[in-house]
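Undergrad: what's the 3D shape of this:
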Amino acid sequence: MEARSERKEGVLVFFITGRLDAFGAQQLETWIREGLHDDDRELVIDMAGSPYLSSGGIRVFNSLKKELKRRDGRFALSSVGEYPKKVLDMAGFTTIFELYPAAGDAVADLVRKRKNPSLFGELFYKKIVEEGVKLTLEPGRMTAPPALRVVGDLDNVLYAKITESDIRTRTFSEVMYSLGLGALGTDAREAMPLLGEMITLHGSMVWLPTDGNNTPDFLTPADSPEGDLPVYTGYNITLEGQFNEYFTLDTTNPDGISITDIYRIIFSSAQDRLASYRGVVAVTIWGIISSLASSGLKKSPVAASAPPGGESIMAPGQVNEWIASDTGTSYRGDTLVSFGIGIDMTHELAHFNPAALESLYYTNPLNTGGAKEMYLHNHGVVFRNIPYDPSLDLNTQVKKIVRDGEFVDMRHLLDSTRLRKAKIGVAYIQSVTKDA
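TA: Numbering: from 1, shown residues only. Next up is the predicted model:
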């Protein structure tokens with residue numbers, strides 16, 4: 001059994017060659033599950049090269065049809081030969097599956113019958129079109145001006161100076177969106193050697209323990225006081241308040257758009273439209289990955305492990321020892337949920353206390369580029385098999401994803417991470433408070 005795939009007008013088409021017996025069906029299911037991205041809603045299997053079909057193949061087809069129905073999409077077969085057609089007739093599935101003479105016919109019909117998105121578009125009040133990128137804006141519901149609260153000292157992280165007295169505790173119920181350095185454990189002393197990159201999303205904590213195993217862990221407590229465990233943190237940024245706006249992003253570039261360019265568009269749009277824009281934003285993204293570039297701490301930045309001579313862990317001679325990185329094309333087609341902070345260095349930032357502002361960001365040498373027009377600080381979690389539907393409420397979906405999604409990975413995101421499409425919540429920060 002062999003198979004190749006391509007996308008035609010947004011429809012995933014698999015062309016199979018060989019017998020679709022029990023073993024071939026297992027192979028096909030594996031290939032399709034690996035190739036099916038979280039934003040795919042339509043699937044066609046072209047059987048021109050497959051003269052044989054067994055009940056195992058029918059079982060796989062039926063499973064895929066259910067999966068596409070779950071995504072509010074469609075599944076179809078094309079170029080079904082004489083013998084496979086007789087098998088489908090005998091098993092009573094001819095009327096269950098949509099059959100087309102050729103793959104092109106199937107694609108054309110699926111595209112033609114796609115749900116009309118115009119009603120969804122009417123819910124939005126403004127569209128911004130950049131080169132190859134379409135952004136649609138939706139207003140949020142504000143109850144108070146968004147703010148950031150910083151706990152801990154960023155310099156203690158960058159120069160590995162954290163001691164037990166620097167550890168603070170936060171409970172899950174206190175935080176909807178945050179990022180920083182943290183760990184779970186029975187007490188601060190147990191947590192300290194494991195402090196690593198962390199993110200909290202709607203009360204769920206995901207973190208990368210610095211235990212040498214390079215495997216993230218997570219905990220989603222129950223909705224009860226008994227489930228409210230402490231998080232030990234040496235540094236944390238928390239969003240207080242809600243998002244001012246929601247962006248829906250789509251791009252015609254098959255390689256997607258970088259996080260850098262997403263923030264650049266957000267900054268540019270805010271400068272043109274919003275008198276309340278101060279140059280700092282907090283952003284939550286639910287999107288489909290084109291390529292994920294990431295980094296992560298290898299060691300807990302505690303004082304006992306500090307680099308010699310008071311060097312930063314980001315110094316050229318130290319960064320490879322302290323930071324693991326992956327600048328490849330990981331997790332294409334999977335779902336990313338992230339939270340991050342953006343500082344627009346082209347904007348007048350005098351509104352903020354300089355010390356509080358500097359506690360939000362640092363220069364990461366793994367982010368390549370020249371003079372900085374922005375500083376970004378983003379952590380993200382990868383999930384799989386999450387149908388993407390930008391018409392859904394972002395916060396509700398984030399909560400559902402972290403509780404029910406298939407967890408894959410968590411990392412500090414490099415600015416070169418790229419997304420094909422996304423639903424984005426943006427909070428235009430009005431104040432930054434730094435706790436002692």
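
Undergrad: Helices along this structure, start to end?
TA: 22-35, 55-70, 82-91, 103-112, 118-122, 154-158, 188-191, 259-273, 319-322, 354-358, 394-404 (DSSP state H).

Undergrad: Let's see the fourth one as PDB, backbone CA atoms only.
TA: Coordinates of the C-alpha atoms in helix 103-112 are reproduced here as PDB (Å, rounded to 0.1, in the frame of the first residue of the first chain):
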ATOM      1  CA  ALA A 103     -11.000  13.700  -7.100                       C
ATOM      2  CA  GLY A 104     -11.500  17.000  -8.900                       C
ATOM      3  CA  ASP A 105     -15.300  16.400  -8.900                       C
ATOM      4  CA  ALA A 106     -15.200  15.800  -5.100                       C
ATOM      5  CA  VAL A 107     -13.100  18.900  -4.400                       C
ATOM      6  CA  ALA A 108     -15.300  21.100  -6.500                       C
ATOM      7  CA  ASP A 109     -18.500  20.000  -4.800                       C
ATOM      8  CA  LEU A 110     -17.000  20.200  -1.300                       C
ATOM      9  CA  VAL A 111     -15.800  23.700  -1.900                       C
ATOM     10  CA  ARG A 112     -19.100  24.700  -3.500                       C
END
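
Undergrad: okay, and for the protein, where does confidence drop off?
TA: Low-confidence segments of the chain, defined by pLDDT under 70: 115-131, 142-143, 172-173, 221-228, 369-371, 436.

Undergrad: Can you give me the buried ones in the longest strand along the chain?
TA: Determined from DSSP state E, the single longest strand within the chain is strand 280-297. Neighbour-count burial for strand 280-297 flags 280-297 (criterion: 16 or more other C-beta atoms under 10 Å). Using the backbone N, CA and C atoms, a C-beta is placed for each residue, glycine as well.

Undergrad: relative to helix 259-273, how tilted is that strand?
TA: Note on geometry: by axes from the mean of the first three to the mean of the last three C-alpha atoms, to 10 degrees, strand 280-297 and helix 259-273 are set 170 degrees apart in direction.

Undergrad: Give me the distance between Ala144 and Ser325.
TA: Distance, Ala144 to Ser325, using C-beta to C-beta, to the nearest Å: 38 Å.

Undergrad: what about these two, which has more around it?
TA: Neighbours were counted for Ala144 and for Ser325 using other C-beta atoms under 10 Å; Ser325 has more, 17 against 9.

Undergrad: Switch the helices of the chain over to a markdown table; also include mean neighbour count.
TA: Rendered in a markdown table, the data for these read as follows (neighbours: other C-beta atoms under 10 Å):
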| stretch | mean neighbour count |
| --- | --- |
| helix 22-35 | 17 |
| helix 55-70 | 17 |
| helix 82-91 | 14 |
| helix 103-112 | 18 |
| helix 118-122 | 10 |
| helix 154-158 | 18 |
| helix 188-191 | 16 |
| helix 259-273 | 19 |
| helix 319-322 | 15 |
| helix 354-358 | 14 |
| helix 394-404 | 18 |
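
Undergrad: Between those helices, which one is closest to Val44.
TA: Across the helices of the chain, the minimum distance to Val44, taken as C-beta to C-beta, is reached by helix 103-112, at 4.5 Å.

Undergrad: Determine the set of other helices and strands touching the closest one.
TA: Applying 3 or more C-beta pairs under 8 Å, 6 or more residues apart in numbering; DSSP states H and E, we find helix 103-112 packed against strand 2-8, strand 11-17, strand 42-49, strand 74-78, strand 98-100.

Undergrad: and Pro354, what does it touch?
TA: Residues counted as contacts of Pro354 (C-beta atoms under 8 Å, 6 or more residues apart in numbering): none.

Undergrad: My error: substitute Ala160 in the last question.
TA: Counted by C-beta under 8 Å, 6+ apart, Ala160 has contacts 299, 301-303, 305-307, 313, 322.

Undergrad: Same list, those, but as JSON lines with distance to Thr260 please.
TA: Shown next, in JSON lines, are the contacts of Ala160 (distance: C-beta to C-beta, whole Å):
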{"residue": "Lys299", "distance to Thr260": "28"}
{"residue": "Pro301", "distance to Thr260": "26"}
{"residue": "Val302", "distance to Thr260": "32"}
{"residue": "Ala303", "distance to Thr260": "34"}
{"residue": "Ser305", "distance to Thr260": "31"}
{"residue": "Ala306", "distance to Thr260": "31"}
{"residue": "Pro307", "distance to Thr260": "29"}
{"residue": "Ile313", "distance to Thr260": "23"}
{"residue": "Trp322", "distance to Thr260": "23"}
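
Undergrad: circling back: could you point out which of the helices and strands packed on helix 103-112 sits nearest Leu394?
TA: strand 42-49 (24.0 Å).

Undergrad: tell me which residues in the closest one are buried?
TA: Quick answer for strand 42-49 (16+ other C-beta under 10 Å): 42-47.

Undergrad: quick one: which of those residues is nearest Leu110?
TA: Looking across the buried residues of strand 42-49 and measuring by C-beta to C-beta, the closest to Leu110 is Glu42, at 4.7 Å.

Undergrad: For beta bridges, what are the partners of the closest one?
TA: Counting by DSSP bridges, Glu42 is bridged to Arg74.

Undergrad: No further queries at this time; thank you.
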